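# here is a sequence with its predicted model. Questions after.
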Amino acid sequence: MTGFRASVLTIYPEMFPGPLGISLAGRALQSGTWSLEATQIRDFATDKHRTVDDTPAGGGPGMVMRPDVLARAIDAVSPADDTRPRLLMTPRGRPLTQPRVRELAGGPGVVILCGRFEGVDHRIVERRGLAEVSIGDYVLSGGEVAALVVLDAVVRLLPGVMGNHTSGDTESHEAGLLEHPQYTRPALFEGEEIPPVLTSGDHAKVALWRKTEALKVTRERRPDLWEAYSRRGPGERDPG
Ligand code: SAM
């Protein structure tokens, strides 16, 4: 099998491919542009109840996923010579960004460990070289939805998946800015017109309007992005 290889470790393998089995990602999955294998972590437990968790060291509520069970599961899908990055989904991780998504899409694939309960025994992180990744500053009930988010973002960038549909460098987060607002027909909607510049046919004016709007919305909504963008040199600000 060639193409981008995704392996997901989870106690809910039935959640995959889920939404990634339809639309562009689903077609790309069927045509072999990428492959997805969801592995049941419980298959690597040793007791008859297929236990994957235990009480937290030091006390406290909830349960923690055991490192020995996780290690066996990881080793089964990703042997030592596997060159694919291994991710652990966790709200403690570095936030996922579009440059990271692009980097993953340019590689051979990804191995994703989905946490449940209070998370995983921390020793597995270094022992198996896991990069801790968060999809945002909120807490989900499990890593599966986060893994679907990562894979959705990556798969749409694989060659041939989007065709001409990608909006390239102007898309939000591609050039460090949010995208300009979009409009389509009808020309008049509930008394509101499309901004006239967009129907003027003047491509230079349209480009300028879009850039101005992108700068405005980024400055208003995302001071963090705006600051990073403002710090860049002029040559770095306008790729393509
Ligand atoms: N006790 C953990 C903490 O405070 O950091 C939260 C555990 S959460 C209830 C269970 C699992 O959901 C985590 O192990 C992780 O795999 C996943 N998860 C929750 N929020 C996430 C996020 N923002 N990004 C990525 N994964 C997340």
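Good, I have the coordinates. Residues are numbered from 1 along each chain as shown.
# can you count the residues close to Glu179?
17 (other Cβ atoms under 10 Å). For the C-beta atoms, the positions are set from N, CA and C on the backbone; glycine is no exception.
# pretty sure it sits in a helix.
No - when DSSP: H, G, I helix; E, B strand; the rest coil is applied, Glu179 is found to be coil, with no helix at that position.
# what kind of secondary structure is the residue nearest to it when sequence neighbours are not counted in?
Once flanking residues are discounted, Glu179 sits nearest to Ser172: 4.4 Å by Cβ to Cβ, 6 or more residues apart in numbering. Following three-state DSSP, Ser172 is assigned to coil.
# pretty sure Ser172 sits against Leu178.
Yes - in this structure Ser172 lies within contact range of Leu178 using Cβ atoms under 8 Å: 4.8 Å.
# thinking again about what came up before, distance of the residue nearest to Glu179 from the ligand?
19 Å (Cβ to the nearest ligand atom, to the nearest Å).
# what residues does this protein put near the ligand?
The chain comes close to the ligand at residues 89-92, 114-116, 118-119, 134-136, 138-143, 146, as judged by Cβ under 6 Å from any ligand atom.
# buried subset of those, written for PyMOL?
Buried residues within the residues of the chain next to the ligand, by 16 or more other Cβ atoms under 10 Å, are selected in PyMOL with:
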select buried, resi 89+90+91+114+115+116+119+134+135+140+142+143+146
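# wait, a helix at Ala207?
Yes - according to three-state DSSP, Ala207 belongs to a helix.
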